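Colleague: Kindly return the folded structure for what I paste below:
(chains A and B)
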Number of protein chains: 2
Amino acid sequence: MAAKPRIAIDAMGGDIGPSVMVEGAALARRRDKDLRFDLYGDEDRIAAELKRYEKLNRVSTIHHCEGVIEGDAKPSQAIRKAKGTSMGEAVAAVKEGDAHAAVSGGNTGAMMAISKLALRTMEGIDRPALAALLPTLKDDDLVMLDLGANTECDANNLVQFAVMGSAYARTVMGNEKPCVKLLNIGTEELKGTEELKDAAQMLRDADYLPLNFAGFTEGDQLARGNVDVVVTDGFSGNIALKTAEGTARFVTDLLRGAFKSSLRSRIGFLISKPAMRLLKVHLDPNNHNGAVFLGLNGIVVKSHGSASAKGVANAISVAGSMVRNDITAKIRDDLDNFRSHQGNMPEAAK
Amino acid sequence: MAAKPRIAIDAMGGDIGPSVMVEGAALARRRDKDLRFDLYGDEDRIAAELKRYEKLNRVSTIHHCEGVIEGDAKPSQAIRKAKGTSMGEAVAAVKEGDAHAAVSGGNTGAMMAISKLALRTMEGIDRPALAALLPTLKDDDLVMLDLGANTECDANNLVQFAVMGSAYARTVMGNEKPCVKLLNIGTEELKGTEELKDAAQMLRDADYLPLNFAGFTEGDQLARGNVDVVVTDGFSGNIALKTAEGTARFVTDLLRGAFKSSLRSRIGFLISKPAMRLLKVHLDPNNHNGAVFLGLNGIVVKSHGSASAKGVANAISVAGSMVRNDITAKIRDDLDNFRSHQGNMPEAAK
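Modeller: Below you'll find the predicted structure:
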């Protein structure tokens, strides 16, 4: 597809706003010289930032927007006032074909609602899902979805998430046949809800799909790095993601406290600083930035609200590789393939 | 209640067996001189261990059992062969009134099934739940339930879990009015499933209960220590518990790798060792041992399968304080109180 991806940036979203979004775009452009940018938001503020990055400036167009979607806006409010806001217009640019993807660091619920309304759900997908990258002990991150877009999911939803998550893993990790598991409370076939058991059966039968379905996995295995894509309903996925974030912070807080507990420990800390930095780099969410809404007729990437310029650049790179790899076509092909085989589906899942 | 709690110990359960279970009992007796023990399992092996602890020996009775419930036994198999096994007989002792509580380090699913069949569910409780203690940044642990006994739960189940979890917090933490929250994917009133919204409404209305209901909490807040009891369905609870365990191991694995990454880091590690030990103590599951099945007509405590003697002693202490504080009566009183107010319940939850 697009040789030169055009990325629409909501320059006002996130905790910091234009300075970090523009710097992130500059970093991303340095990595990938083909990227082009449309920057949505306060014209003067964006222009002031752009002055600092001459090469970025040459490939960027500013689109002035008066409005901003607030961080605490409810999805329903966001939809009503989307027109004219930096987030709403960045997503509209994707809808109109003016840009190939939109990136925002703003309110996740608002962005999901605005994107769903503007871009519509893909044919064959019942519900779009939110997918993100999680760090593991191995070199590759883990793709997990859904992370909160859908509180309750049936077996068909879960199978569609598996198809979309695999397409995402193929795109961002270049893994042509990713290993996919369903998150459950045990690995035996009889464990879990009916939805999970039905979805497992459907995925076992769908061995023609470009993914390697390997059954169930549990919460304690997520970070082990022995699976590429973990599929779950949005409720459990959100609980798992936030529990992982909270626990990582808990352990590093304990570590910090331990290092401060005595003079000896403080000295040990100073000597170990390079090692601590390795740990910090591995856990830094900026290195795993770029949550995506999958299942829409268009590419929308959510950057962490508190992401640094490096984090924003990573989110933009994710958007760029989704455009280049035409993830929407990949998902569509896999879904068509799946539906053409649907005669083999178990009765319960039809 | 019982001035001298009699604890029935399944001496064969767990990864290690009699040596650690007997040593754990000896440690627990040293802390609490009133404890009495009934030890179920291989007579000769238990007797050989008991010889090492003269004072424990004086307050212990051995009950020979030929059978053992295997670690991989399915709950249905476990029920069929329970009679004559160390686990089955320890639970039966509670049923017969020969002991006040049973403690086992064996197969959790088997123990739940055997206990449920032998002790039966309390009147007013629809489903028993598995509760455990999780470490937090504060001094007190967090009580979380359900952790996997019930895959799907309605609002009434969740309210009953709140009542039982609070009684447990009052017992093990001595907190007369524990702060209770429901695990959800957001803290706004409109977030989450209908079951959660109904349960929240019922708990808000039940302000006469000895608990302080404080709404919803999210996965990233669990370790913060700003709540005493977290209530959730068994699916989400199991996912959260295992994700927390896995993430803590992930971060400590990264830390170990970082410390080994250079000579300088190794030296830093040696100097920081006391600090690292503090971290280890805080995260050591032995210091938070004692998962309990709540909602049965009798007290059953599950020790970690890989618990050390100190871990076993902690599980026995939990059992002892549940006996002393008569937790079953506490739960019954709170349930009676709740039911007598049920006229005030919202229509949806009836």
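
Colleague: Over to A:Lys4. Which of the three states is it?
Modeller: Of the three states, A:Lys4 takes coil under DSSP: H, G, I helix; E, B strand; the rest coil.

Colleague: Can you tell me how far it is from A:Val59?
Modeller: For A:Lys4, the distance to A:Val59 (Cβ to Cβ, to the nearest Å) stands at 9 Å. (Each C-beta comes from the backbone N, C-alpha and C, glycine too.)

Colleague: Give me the common contacts of those two.
Modeller: A:35-36 (Cβ atoms under 8 Å, 6 or more residues apart in numbering or on different chains).

Colleague: how about the helices in chain A?
Modeller: Applying DSSP state H to chain A gives helices spanning A:18-31, A:43-50, A:54-58, A:75-80, A:86-95, A:108-119, A:155-172, A:194-205, A:234-259, A:263-283, A:309-324, A:327-340.

Colleague: Export these as TSV, with columns for distance to B:Val292.
Modeller: Below are the helices of chain A laid out as TSV (distance: least, Cβ to Cβ, whole Å):
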stretch	distance to B:Val292
helix A:18-31	48
helix A:43-50	57
helix A:54-58	59
helix A:75-80	40
helix A:86-95	48
helix A:108-119	37
helix A:155-172	33
helix A:194-205	27
helix A:234-259	21
helix A:263-283	33
helix A:309-324	43
helix A:327-340	45
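
Colleague: among those, which is nearest B:Asn184?
Modeller: helix A:234-259 (8.5 Å; Cβ to Cβ).

Colleague: for the closest one, packing partners?
Modeller: strand A:129-134, strand A:142-145, strand A:179-183, helix A:263-283, helix B:234-259, helix B:263-283 (3 or more Cβ pairs under 8 Å, 6 or more residues apart in numbering or on different chains; DSSP states H and E).

Colleague: just the angle between that helix and strand B:129-134, please?
Modeller: Orientation of helix A:234-259 against strand B:129-134 (axes from the mean of the first three to the mean of the last three Cα atoms, to 10 degrees) gives an angle of 30 degrees.

Colleague: Quick check: buried residues in helix A:234-259?
Modeller: Residues of helix A:234-259 classed as buried: A:234-252, A:254-255, A:258-259 (neighbour count, 16 or more other Cβ atoms under 10 Å in any protein chain shown).

Colleague: ditto for stretch A:76-84
Modeller: A:78-79, A:81-82.

Colleague: Show me how the record splits chain A into domains.
Modeller: A:1-124+A:295-325, A:126-291 (automatic domain parsing).

Colleague: Just give me the lowest mean pLDDT stretch among those domains.
Modeller: If you rank the domains of chain A by mean pLDDT, domain A:126-291 sits at the bottom with a mean of 90.

Colleague: Let's see the distance spanning it from one end to the other.
Modeller: Criterion Cα to Cα, to the nearest Å; first-to-last residue distance in domain A:126-291 is 20 Å.

Colleague: What separation is there between the residue nearest to A:Thr61 when sequence neighbours are not counted and A:Val94?
Modeller: Of all residues not flanking A:Thr61 in the chain, A:Asp38 sits nearest, at 5.2 Å (Cβ to Cβ, 6 or more residues apart in numbering or on different chains). Separation of A:Asp38 from A:Val94 (Cβ to Cβ) stands at 10 Å.

Colleague: Which one's more surrounded, these two?
Modeller: A:Val94 (24 against 20; other Cβ atoms under 10 Å in any protein chain shown).

Colleague: hang on, the earlier thing: check contacts around the residue nearest to A:Thr61.
Modeller: Neighbour list for A:Asp38: A:6-9, A:60-61, A:63, A:90, A:93, A:98-99 [criterion: Cβ under 8 Å, 6+ apart].

Colleague: Of these, which is the nearest to B:Ala149?
Modeller: Comparing the contacts of A:Asp38 against B:Ala149 with Cβ to Cβ places A:Ala90 closest, at 46.5 Å.

Colleague: I'd assumed A:Ala8 was in contact with the closest one.
Modeller: Yes: using Cβ atoms under 8 Å, A:Ala90 makes contact with A:Ala8 at a distance of 4.1 Å.

Colleague: list residues touching both of those two?
Modeller: Counting by Cβ under 8 Å, 6+ apart, the shared contacts of A:Ala90 and A:Ala8 are A:38, A:40, A:99, A:102-103.

Colleague: Drop anything exposed from those residues.
Modeller: A:38, A:40, A:99, A:102-103.

Colleague: TSV for those residues, including distance to A:Ser265?
Modeller: Below are those laid out as TSV (distance: Cβ to Cβ, whole Å):
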residue	distance to A:Ser265
A:Asp38	51
A:Tyr40	49
A:Ala99	51
A:Ala102	47
A:Val103	42
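
Colleague: which among these gets closest to A:Val292?
Modeller: Nearest to A:Val292 among these: A:Val103, at 9.9 Å, using Cβ to Cβ.
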